[in-house]
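>>> Sequence and predicted structure below; questions after.
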Amino acid sequence: MRVLIPIFLLALSASAQDVEVQMRPTAIYVENMQGNIVPMERLFFHIVIENKSPVPADVQWLRFDMVNSGGAVFSGQYAGKALQDFFDSAIQRRRIEPTPQGILTIAPGQRKAISDIFVDLPAGFIGDNLMLEVNYKASGKEAFGRTSAALKRMSGFSGRLPLDGIWYVAAEHGFEDPHKRFFAEAFAYDFIQIGTSGKSFQREGKSNSDYYAYGKKVLAAKDGTVAFVRADVVENVPGETSNTATPGGNVVVIDHGSHQYGYYAHLKPNSISVRVGNRVRAGDVIGEVGNSGDSSEPQLHFHVMTQVDPAEADGIPILFESWKAQSYSRAPVVRQQRMITRGEFVQP
């Protein structure tokens, strides 16, 4: 599903430079992850370079650095063809508005981006600040653009799976996942159900009722207070998504406390059983899985964000509590408080 504001429509000013360097999102989170040998941490961010001068700017190189308290330095530097490929990739994957490809020149008023930068390191190697520097030439003169951002370590949102039964993780927040185009959805999940045929539907899959997920109960992932409800969006015909005006479709937003708002989307029309102001407990039914909004088939989209309005919010990492993994073992394997990867079958 899609929230209203894509990454390329927002900017974080570094200073009044001719070429402005920006890092998004505003809150750059350090995620705690399980590693095969040692605990790992993940950093995810985007870089946008905007030419605010009246003359073209030729980017020479881009560099980012992290230094931890122990003196360990982690750096990344891109120039030439490698930098050009990153800029072009962001355009091709619709992370930023299109500009001429195959060049490192940014015309006046234009922007280029490196999007979806993932840094996975052993716990403790990622520092407290991320520093960014860009070298460019304009009117024959060499110049630099610089900015920095504080890195936030947090446990993230911790709650139960918002569904009962066995579900397939159709989308999460990996490198290619389209959720990363939108700030509030940066750590989002899409859940569907798969039948014995290996498909998400039976018969021809032409109607929403053909889909195994359709009408299944959606549950509150954590205690909270209902902050927003929409229940009147007409559902899509499977495979014929056209509703970008109300991308979440029928939605429940729950204030789970500590500036964490759960966003439960694509719900079935008139299935929502809660109203604004209602208190809910983890596991309470709040609605049913549907196919409303920017959705191609019945599914539940779930993410957690920093504000009630997704257009104004950043996403928050989600750690699911006490769930079972189905994909890679003969019997369900119990997992405790961790992220879930795409392609996994999960159940509470």
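The structure has been received and is ready for your questions.
>>> low-confidence ranges in the stretch 101-250 of the chain?
154-155, 173-181, 242 (pLDDT under 70).
>>> please redo it, this time with the cut-off set to 80
116, 153-156, 171-183, 186, 241-244 (pLDDT under 80).
>>> where exactly do the strands run in the stretch 201-348 of the chain?
Using DSSP state E, counting those that start in this stretch, the strands of the stretch 201-348 of the chain run over 217-219, 224-230, 250-255, 261-267, 279-280, 285-288, 300-305, 318-320, 323-325, 333-335, 345-347.
>>> Which one of the ones you listed lies nearest to residue 49?
With CB to CB as the criterion, residue 49 lies closest to strand 300-305 of the strands of the stretch 201-348 of the chain, at 26.4 Å. C-beta: built from backbone N, CA, C; applies to glycine.
>>> Can I get the closest one in PDB? Just the C-alpha atoms.
The C-alpha coordinates for strand 300-305 follow below in PDB (Å, rounded to 0.1, in the frame of the first residue of the first chain):
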ATOM      1  CA  LEU A 300      -3.300  -6.500   5.700                       C
ATOM      2  CA  HIS A 301      -0.800  -3.600   5.600                       C
ATOM      3  CA  PHE A 302       0.600  -2.800   9.000                       C
ATOM      4  CA  HIS A 303       3.200  -0.300  10.100                       C
ATOM      5  CA  VAL A 304       3.900   1.900  13.100                       C
ATOM      6  CA  MET A 305       4.700   5.600  12.800                       C
END
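>>> For that strand, what is the distance to the chain centroid?
Taking the mean of its C-alpha atoms, strand 300-305 sits 9 Å from the chain's own mean (CA atoms, centre = their mean, to the nearest Å).
>>> Please find the angle between the direction vectors of it and strand 261-267.
160 degrees (axes from the mean of the first three to the mean of the last three CA atoms, to 10 degrees).
>>> In space, what's closest to residue 257 - neighbours in sequence excluded?
Residue nearest to residue 257 in three dimensions, not counting chain neighbours: residue 224, with 6.4 Å by CB to CB, 6 or more residues apart in numbering.
>>> who's that neighbour bridged to?
residue 280 (DSSP bridges).
>>> Alright, I will stop here.
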